[in-house]
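**Q** whatever this is, show me its structure:
(chains A and B)
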There are 2 protein chains.
Amino acid sequence: MNPRLFTFVGGKTGGWSVVSTTAVVGENLHAVDRVEIVNGSVDVLYEGGVWVLRGVTSNARYITRDEKESLVRKQAALGRPSANQSALIPIRKNAAWSDLTQDERRAIFEEQSRHVAVGLKYLPAIARRLHHCRDLGDAKPFDFLTLFDYANSDEPAFDEMLGIMRGSEEWKYVDREVDIRMIRVD
Amino acid sequence: MNPRLFTFVGGKTGGWSVVSTTAVVGENLHAVDRVEIVNGSVDVLYEGGVWVLRGVTSNARYITRDEKESLVRKQAALGRPSANQSALIPIRKNAAWSDLTQDERRAIFEEQSRHVAVGLKYLPAIARRLHHCRDLGDAKPFDFLTLFDYANSDEPAFDEMLGIMRGSEEWKYVDREVDIRMIRVD
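**A** Reported below is the predicted structural model:
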């Protein structure tokens, strides 16, 4: 098993209680009561499981050494006791994005959309882990799954950050996005 | 199933007859008589199967639009009738490579190692398909599988190209490499 693999199971059990499931672009996911997050693979659906999403953490594809050092200096890991809210945001990008080369993606990602620069402003309040789905062996409905967590009081800042991202040049290539908000129950 | 997934089965059956299996760096693979190449997943080992390697084709991680256009203009697809020889070269890169950021990888890949510039000189004689393994859900023994094919008369050019690549700065990060040479039997 790839130690960087994470599985998200939506259903009736799990450590996160779902508050809302919103289709931002494209088709929604079936609304569920709970989400369980597992490091590793889950072979069978949890009892009451409705959907399963999988992704692997990997190297950051578009950032420089300087940007990485700025992020590492400021960012927090998921799972702080104060972070009792989370958001799971699965995204798919369109074929036009797939056709772009590395230099073109980088230019859209940072020089035009300021993805890192914007994200940095919300650290360490918002913690984030990105999972890649596109190069898994099974076809997947999304390209990326991003999991965020934060304290109740930081939700307005989180929403502000999402608003800026969703208005960026990079987001013009997003053709499916679901926003699942959750609160911790265990 | 991911349509970009390819499976390589080493054993007693398959369309390619193995001429040699050489450990270039690190541990060798078990020598086999034949290799079968399947677009998709193979659930059980072929009769007499000894090893299975899997990888997915994906976007090129380190090339610019100009380089991509030069490659596309010159390159041939695998499977030409004249290409009765092939090489499957599984590679793993070390942790120092994993720790590099995008800009650092690009500088080593092209500005220092001339990976694209060198490869271009051998097109269209040498055809190539790169498969990624690192972000599959199961842990894999290699990070990349590259499959090449070419006519008998182009084998010296292929060996020359490999010699240049293996002497490059990029190859200092390779900690396992196996070179499997094959001829077509069907």
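
**Q** C-alpha from now on. contacts and neighbour counts both.
**A** Will do.

**Q** need the phi and psi values for the closest residue to A:Phe158 other than its chain neighbours.
**A** On the basis of CA to CA, 6 or more residues apart in numbering or on different chains, the spatially nearest residue to A:Phe158 that is not a chain neighbour turns out to be A:Ile126, at 6.8 Å. For A:Ile126, the backbone dihedrals (degrees, to the nearest 10) come out as phi -100, psi 120.

**Q** what's the burial count for A:Ile126?
**A** Close neighbours of A:Ile126, defined as other CA atoms under 10 Å in any protein chain shown, add up to 24.

**Q** contacts only, for it.
**A** For A:Ile126, the residues meeting the contact criterion (CA atoms under 8 Å, 6 or more residues apart in numbering or on different chains) are A:Ala76, A:Phe148, A:Asp149, A:Tyr150, A:Asp154, A:Phe158.

**Q** burial check on the last one, number of neighbours?
**A** By the criterion of other CA under 10 Å, A:Phe158 has 19 neighbours.

**Q** could you pull out the helices for chain A?
**A** Counting by DSSP state H, chain A has these helices, from start to end: A:65-74, A:95-98, A:102-106, A:115-121, A:155-166.

**Q** dump those helices to CSV, plus mean pLDDT.
**A** Putting the helices of chain A into CSV (pLDDT from 0 to 100) gives the following:
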stretch, mean pLDDT
helix A:65-74, 97
helix A:95-98, 96
helix A:102-106, 96
helix A:115-121, 96
helix A:155-166, 98
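
**Q** who's in contact with A:Asp33?
**A** Taking CA under 8 Å, 6+ apart, we find A:Asp33 in contact with A:Gly10, A:Gly11, A:Lys12, A:Thr13, A:Ser17, A:Val18.

**Q** which of these lies closest to chain B?
**A** Closest approach to chain B among those (CA to the nearest CA): A:Gly10, at 19.2 Å.

**Q** please name the bridge partners of the spatially most central residue of chain A.
**A** Taking CA atoms, centre = their mean as the criterion, A:Thr146 is the residue nearest the geometric centre of chain A, at 0.9 Å. For A:Thr146, the beta-bridge partners under DSSP bridges are A:Ile89, A:Leu130.

**Q** leaving out chain neighbours, which residue sits closest to A:Gln75?
**A** A:Pro124 (4.7 Å).

**Q** would you list the phi and psi of that neighbour?
**A** With angles defined as degrees, to the nearest 10, A:Pro124 shows backbone torsions of phi -90, psi 10.

**Q** who touches it in this structure?
**A** When contacts are counted by CA under 8 Å, 6+ apart, A:Pro124 is found next to A:Lys74, A:Gln75, A:Ala76.

**Q** isn't the second one up against A:Arg129?
**A** No - using CA atoms under 8 Å, A:Gln75 is not in contact with A:Arg129, being 10.6 Å away.

**Q** poorly predicted segments of chain A, please.
**A** Confidence mapping of chain A against pLDDT under 70 gives the ranges A:43-47.

**Q** please repeat the previous calculation with a cut-off of 80.
**A** Applying pLDDT under 80 to chain A flags the ranges A:43-48, A:186.

**Q** contact residues of it facing chain B?
**A** Within reach of chain B by CA under 8 Å from any CA of the partner chain, chain A has these residues: A:1-3, A:5, A:41, A:55-65, A:68, A:98, A:100-104, A:132, A:135-140.

**Q** recalculate using a threshold of 6 Å.
**A** A:1-2, A:5, A:63-65, A:101-103, A:136-139 (CA under 6 Å from any CA of the partner chain).

**Q** closest one of those residues to A:Pro81?
**A** In terms of CA to CA, no member of the residues of chain A next to chain B lies closer to A:Pro81 than A:Leu5, at 23.3 Å.

**Q** circling back to that earlier point, now neighbour count too, for the contacts of A:Pro124, in CSV please.
**A** CSV is the format used below for the contacts of A:Pro124 (neighbours: other CA atoms under 10 Å in any protein chain shown):
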residue, neighbour count
A:Lys74, 14
A:Gln75, 18
A:Ala76, 16
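
**Q** so how many other residues sit close to A:Asn94?
**A** Counted with other CA under 10 Å, the burial measure for A:Asn94 works out to 13 neighbours.

**Q** my read is that it contacts A:Lys172, right?
**A** No - using CA atoms under 6 Å, A:Asn94 is not in contact with A:Lys172; the gap is 9.0 Å.

**Q** now do the same contact list for the residue nearest to A:Arg184 when sequence neighbours are not counted.
**A** The shortest distance from A:Arg184 to any non-neighbouring residue, by CA to CA, 6+ apart, is to A:Trp16 (4.7 Å). Shown in contact with A:Trp16 (CA atoms under 6 Å, 6 or more residues apart in numbering or on different chains): A:Arg34, A:Val35, A:Met182, A:Ile183, A:Arg184, A:Val185.
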